[in-house]
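*Asks:* sequence and predicted structure are below.
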Amino acid sequence: MVFDFSSVLEQWPLLLGGTLVTLAMTLVSTLLGLLLGIACGWARANGASWLRFAVGCYIELVRNTPYIVQLFFIFFGLPALGLHMTAITASVLSLVLNLGAYAAEITRAGIATTARSQIEAAQSLALDRWQIFSRVVLPPALARVWPSLIGQVIIIMLGSAVCSQISTEELSFSANLIASRSFRNFESFIIAAVIYLALAVMVRQFLGWFGPRFIFGPALGEKS
């Protein structure tokens, strides 16, 4: 078998475009998904009973159904209810909802490990509930679970390849298009796999650097 990577690499604009779309989807999904996960994690830990029940139903629904079913429901099912959206919008929405559910449980686990004495000390300083959560509970909780959250972000980024099934022009879509044009399936997807590997390493390193410096502080990052 003779390998010919040149016929694939000469279509680098397609690969670059797909890679940039994958990165953009990952960036937006990570930002919104983690915010949703933190909010749901707080609701699961401290919310009213009805709110805990509602959030719990959302989490169980997402965690116990295949991602591709969630994607198809949003893209093909919601239009039946009059909610139409583009492929890229449906892809990002599905990724946000998926990441939010898993991040909620991870965040809740971090919140649950907060020492009661820390909360009581904050209450003695007359801090309100929001100040206690945002300044005392959340930063160390995120520091403890940050590696798990990073891992979930990587899973979401790699899972975005499924979005090619609704013609979202991300990396897998581009690789499949190149393969159909060049008839070099093996080479096309080997190159795509290498790019995904590079993206995963890059995202992991970036988030590992970003968290301790801008989210929960270097001291907490070292303790975690």
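*Replies:* All right, it came through fine. Residues are numbered from 1 along each chain as shown.
*Asks:* drop to CA atoms for contacts and neighbour counts, all remaining ones
*Replies:* Will do.
*Asks:* any stretches of this protein with poor pLDDT?
*Replies:* Scanning the chain for pLDDT under 70 picks out 1, 219-224.
*Asks:* the host helix or strand of residue 191 packs against which elements?
*Replies:* Remark: residue 191 resides in helix 185-214, with elements defined by DSSP states H and E. Judged by 3 or more Cα pairs under 8 Å, 6 or more residues apart in numbering; DSSP states H and E, helix 185-214 is in contact with helix 138-159, helix 171-182, helix 218-223.
*Asks:* kindly reformat the ones you listed as TSV containing distance to residue 97 and mean neighbour count.
*Replies:* Formatted as TSV, those follow (distance: least, Cα to Cα, whole Å; neighbours: other Cα atoms under 10 Å):
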stretch	distance to residue 97	mean neighbour count
helix 138-159	11	20
helix 171-182	21	21
helix 218-223	27	14
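*Asks:* can those helices go into JSON lines with extra columns for distance to residue 189?
*Replies:* What follows is those, written out as JSON lines (distance: least, Cα to Cα, whole Å):
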{"stretch": "helix 138-159", "distance to residue 189": "14"}
{"stretch": "helix 171-182", "distance to residue 189": "6"}
{"stretch": "helix 218-223", "distance to residue 189": "37"}
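*Asks:* gap between stretch 32-50 and the chain center?
*Replies:* Relative to its chain's centre, stretch 32-50 lies at 16 Å (Cα atoms, centre = their mean, to the nearest Å).
*Asks:* for that stretch, list every residue counted as buried.
*Replies:* Under the neighbour-count criterion of 16 or more other Cα atoms under 10 Å, stretch 32-50 has 32-45 buried.
*Asks:* so where's the longest helix in this structure?
*Replies:* helix 12-46 (DSSP state H).
*Asks:* neighbours of residue 109, how many?
*Replies:* 17 (other Cα atoms under 10 Å).
*Asks:* who are the neighbours in contact with it?
*Replies:* residue 145 (Cα atoms under 8 Å, 6 or more residues apart in numbering).
*Asks:* tell me the secondary structure at it.
*Replies:* Secondary structure assignment for residue 109 (DSSP: H, G, I helix; E, B strand; the rest coil): helix.
*Asks:* what of residue 216?
*Replies:* Secondary structure, three-state DSSP: residue 216 is coil.
*Asks:* what about it, distance to residue 120?
*Replies:* Distance of residue 216 to residue 120, computed by Cα to Cα, to the nearest Å: 21 Å.
*Asks:* repeat for residue 112
*Replies:* 15 Å.
*Asks:* neighbour count winner among those two?
*Replies:* Comparing residue 112 with residue 120 by other Cα under 10 Å, the one with more neighbours is residue 112, at 15 against 12.
*Asks:* so who does the residue nearest to the more buried one when sequence neighbours are not counted touch?
*Replies:* Once flanking residues are discounted, residue 112 sits nearest to residue 45: 7.2 Å by Cα to Cα, 6 or more residues apart in numbering. Contacts for residue 45 (Cα under 8 Å, 6+ apart) come out as 52, 108, 111, 112.
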